[in-house]
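> Give the three-dimensional model of this entry:
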Amino acid sequence: MSFGFLGIQFGFALQNANVSRIFETLGGTEIALYWLAAPLTGMLVQPIIGYMSDRTWSPKWGRRRPFFLVGAILASLALLVMPNVTALWMAVGMLWIMDSSINISMEPFRALVGDLLPSEQRTTGFAAQTFFIGVGAVVASSLPWMFTNWFGISNTAPAGQIPLSVKYAFYIGGAVFLAAVLWTVFNTKEYPPENLEEFEEEKRRTAGFWNGIRESFSGIFNMPKTMRQLAIVQFFSWLALFSMWIYTTPAVTSHIYHTTDTTSKLYNEGADWVGICFAVYNGVSAIAALLLPLIARRTSRRVTHLLCLVAGGLGLISIFFIQDPNMLLLSMVGVGIAWASILSVPYAMLAGALPANKMGYYMGVFNFFIVIPQVVAGLILGFFTKTVFHGEAVYTLALGGVSMIIAGLLTLRVDDADDIRLPSDEPAVLQGGAYDAPVETDPRL
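Next comes the predicted model:
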């Protein structure tokens with residue numbers, strides 16, 4: 001069920017670690033603005049795909065799997081084209097296509113876990129996704145460095161050209177993306193709607209493309225309370241992440257390697273090292289994902305998320321104080337812990353607050369609060385970096401760290417539907433951050 005995320009994260013990790021590098025190589029200076037192409041598209045794609053997948057059923061292909069397949073094919077093609085662009089506008093356009101395609105696959109995967117797992121298994125289910133995300137991202141983020149240091153493939157190129165090491169990494173990413181998603185498509189079985197007649201009647205009642213558009217975007221005004229609370233947490237969490245993905249390469253190359261010349265060997269060594277740093281935080285997230293259910297059982301999902309986000313925020317802030325590239329790996333440990341929690345705990349809390357027949361729809365709407373902070377990052381972080389921080393991107397990373405800590409504190413305000421506290425004289429079993437009474441006294445049954 002979760003193996004396809006290995007491939008999705010191959011694409012996502014290559015995008016995050018290398019797109020800013022590609023923009024700079026092609027002469028781009030307004031990096032944060034160029035990244036706006038991706039979230040604006042995601043804002044359109046995600047809720048519509050969620051809405052459509054809720055209303056899809058095929059005895060052979062199921063509900064979510066057709067969307068996995070289409071997204072994987074498009075994303076794989078985009079990964080093959082991206083490192084061969086020859087102009088900045090082409091790179092921005094391919095980021096738009098690539099991010100949209102990845103999104104078509106990603107959110108139905110989230111909904112699949114909500115569809116198939118009962119409440120007490122969802123923390124573990126989303127943690128399993130995070131494990132595969134971590135494994136895929138470790139390899140994908142390291143590929144340019146591995147090609148250069150293990151196989152002697154050049155990581156430099158003439159001005160305006162993408163190095164061969166980056167090109168080969170994207171080629172492998174495209175192949176792995178498609179293969180991993182196909183594994184899930186052909187090996188996962190989905191449950192049919194409980195009442196097929198009611199399901200078909202709802203489809204007829206809500207049929208029509210424009211109705212889907214209207215329903216998708218009106219959902220942001222009709223979110224359950226828990227979803228509204230999590231939306232604020234997501235905003236500050238993802239604002240921090242986008243500051244990292246957009247500005248780590250310029251921050252590390254200028255603050256630690258002391259160069260901005262994209263054709264120099266030193267710059268490309270720094271850019272490759274950013275890939276290793278991203279591999280480390282993803283590797284840490286794969287391990288941390290296995291521990292999150294244990295921590296949640298002994299505390300709660302909210303406390304678990306708070307601790308993880310504070311660790312990530314401190315990791316980003318610490319980069320300002322580092323001059324030895326190797327020390328960046330310690331910073332990435334904190335980021336990796338936060339990343340593991342961001343990819344699993346909010347979705348586990350959210351799934352318990354959503355109606356089953358609108359799981360994909362609300363998961364798509366929830367993506368707004370990944371997209372909106374990226375739009376904000378694109379609009380304001382460039383201004384802060386250039387005007388307030390005088391071009392020192394490392395300050396932007398520190399600002400992201402503060403944002404992540406704020407997100408952690410806001411988590412304590414979230415009402416987790418599964419976090420039910422029973423009277424002290426009633427026995428309870430801790431499961432995934434929830435207190436579940438014996439079956440005969442469980443108020444939810």
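
> For G391, list the residues it contacts.
Residues near G391 by CB atoms under 8 Å, 6 or more residues apart in numbering: S254, T385. From N, CA and C alone the C-beta is placed, and that goes for glycine too.

> Give me the three-state assignment for it.
Look at G391: counting by DSSP: H, G, I helix; E, B strand; the rest coil, its state is coil.

> Quick check: pLDDT value at it.
G391 is assigned 88 on the pLDDT scale.

> Show the residue spans covered by the strands in this structure.
Under the criterion DSSP state E, the chain contains strands at 429-431, 434-436.

> wait, E107 sits on M359?
No - checked against CB atoms under 8 Å, the pair E107 and M359 is beyond contact range at 10.2 Å.

> Between those two, which is the more surrounded one?
Per other CB atoms under 10 Å, whichever of E107 and M359 has more neighbours is E107, with 27 against 24.

> where's the more buried one relative to L292, distance?
Applying CB to CB, to the nearest Å, the value for E107 to L292 is 21 Å.

> before we move on, what about Y51?
In terms of CB to CB, Y51 sits 30 Å off from L292.

> where in the stretch 151-300 of the chain is pLDDT low?
Across the stretch 151-300 of the chain, residues meeting the criterion (pLDDT under 70) sit at 202-203, 205-220.

> Distance of E30 relative to I372?
20 Å.

> Who has more neighbours out of the two?
Between E30 and I372, I372 has the larger neighbour count (other CB under 10 Å), namely 18 against 13.

> per-residue confidence for that one?
We have a pLDDT of 85 for I372.

> tally of neighbours for the nearest residue to it once chain neighbours are set aside?
Of all residues not flanking I372 in the chain, F235 sits nearest, at 6.4 Å (CB to CB, 6 or more residues apart in numbering). F235: 20 surrounding residues under other CB under 10 Å.

> Name all residues that make contact with F235.
Applying CB under 8 Å, 6+ apart, we find F235 in contact with F369, I372, P373, A407.

> Nearest spatial neighbour of L399, chain-adjacent residues omitted?
S243 (6.4 Å).

> The one you found: how many residues sit nearby?
Neighbours around S243, by other CB under 10 Å: 28.

> quick revisit: which one of the contacts of F235 is nearest to S318?
A407 (17.5 Å; CB to CB).

> Surely that closest one and F236 touch.
Yes - assessed by CB under 8 Å, A407 is found in contact with F236 at 3.7 Å.

> more crowded one of the two?
Neighbour count, other CB under 10 Å: between A407 and F236, A407 has more, with 28 against 23.

> Low-confidence regions, the stretch 1-150 of the chain specifically.
Ranges of the stretch 1-150 of the chain meeting pLDDT under 70: 37-39, 41-43, 46-47.

> what are the ranges of the helices in it?
4-25, 31-34, 37-54, 65-81, 88-116, 119-151 (DSSP state H, counting those that start in this stretch).

> right, so these: which one is the most enclosed?
Stretch with highest mean neighbour count among the helices of the stretch 1-150 of the chain: helix 4-25 (a mean of 27; mean count of other CB atoms under 10 Å).

> picking up where we left off before, for N268, state which of the contacts of F235 is nearest.
P373 (29.7 Å).

> The closest one contacts F236, correct?
Yes - at 7.4 Å, P373 and F236 qualify as touching, with contact defined as CB under 8 Å.

> which residues does the residue lying closest to L143 once chain neighbours are set aside contact?
What sits nearest to L143 in space, not counting adjacent residues and going by CB to CB, 6+ apart, is A169, at 3.6 Å. Taking CB under 8 Å, 6+ apart, we find A169 in contact with L14, N18, P83, A140, L143, P144, F147.

> Throw these into CSV and include distance to F383, thanks.
Below are those laid out as CSV (distance: CB to CB, whole Å):
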residue, distance to F383
L14, 28
N18, 24
P83, 30
A140, 31
L143, 33
P144, 30
F147, 36
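
> Torsion angles phi and psi at T260?
Dihedral pair for T260: phi -120, psi 10, per degrees, to the nearest 10.

> That one reaches V252, doesn't it?
No - look at T260 against V252 with CB under 8 Å: they stay out of range, at 11.5 Å.

> which one of these two has more residues nearby?
Counted by other CB under 10 Å, T260 and V252 do not tie: V252 has more neighbours, with 23 against 12.

> ok, now which ones touch that one?
So V252 contacts G270, A271, W273, V274, C277, I319, P325, L328 (CB under 8 Å, 6+ apart).

> Isn't the last one up against L316?
It stands for L328. No - L328 is beyond contact range of L316, at 10.9 Å (criterion: CB under 8 Å).

> Among those two, which residue is more densely surrounded?
More crowded of L328 and L316, by other CB under 10 Å: L316, with 29 against 22.

> What pLDDT is listed against that one?
97.

> show me what contacts it?
Here L316 is in contact with A240, S243, M244, S331, G334, V335, L397, A398, G400, G401, M404 (CB under 8 Å, 6+ apart).

> measure the residue lying closest to it once chain neighbours are set aside to V303 for me?
Excluding the flanking residues, the one nearest L316 by CB to CB, 6+ apart is G401, at 3.3 Å. Taking CB to CB as the measure, G401 falls 20 Å from V303.

> neighbour count winner among those two?
For G401 versus V303, neighbours defined as other CB under 10 Å are more numerous around G401 (26 against 17).

> Sketch out the helices for the stretch 201-350 of the chain, chain order is fine.
Going by DSSP H, counting those that start in this stretch, the stretch 201-350 of the chain shows helices at 209-218, 225-255, 265-298, 301-318, 328-342, 345-351.

> okay, stretch 332-352 in PDB with CA atoms only?
Provided in PDB are the C-alpha atoms of stretch 332-352 (Å, rounded to 0.1, in the frame of the first residue of the first chain):
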ATOM      1  CA  MET A 332      19.800  17.700   9.400                       C
ATOM      2  CA  VAL A 333      19.200  15.200  12.200                       C
ATOM      3  CA  GLY A 334      16.700  17.700  13.800                       C
ATOM      4  CA  VAL A 335      15.200  18.400  10.400                       C
ATOM      5  CA  GLY A 336      14.700  14.700   9.700                       C
ATOM      6  CA  ILE A 337      12.900  14.200  13.000                       C
ATOM      7  CA  ALA A 338      10.500  17.000  12.100                       C
ATOM      8  CA  TRP A 339      10.100  15.800   8.500                       C
ATOM      9  CA  ALA A 340       9.000  12.300   9.800                       C
ATOM     10  CA  SER A 341       6.300  13.800  12.000                       C
ATOM     11  CA  ILE A 342       5.100  16.300   9.400                       C
ATOM     12  CA  LEU A 343       4.500  13.500   6.900                       C
ATOM     13  CA  SER A 344       2.600  11.300   9.300                       C
ATOM     14  CA  VAL A 345       1.200  12.800  12.500                       C
ATOM     15  CA  PRO A 346      -1.000  15.600  11.100                       C
ATOM     16  CA  TYR A 347      -2.600  13.100   8.600                       C
ATOM     17  CA  ALA A 348      -3.200  10.600  11.300                       C
ATOM     18  CA  MET A 349      -5.000  13.200  13.400                       C
ATOM     19  CA  LEU A 350      -6.900  14.500  10.400                       C
ATOM     20  CA  ALA A 351      -8.100  11.100   9.200                       C
ATOM     21  CA  GLY A 352      -9.900  10.600  12.400                       C
END
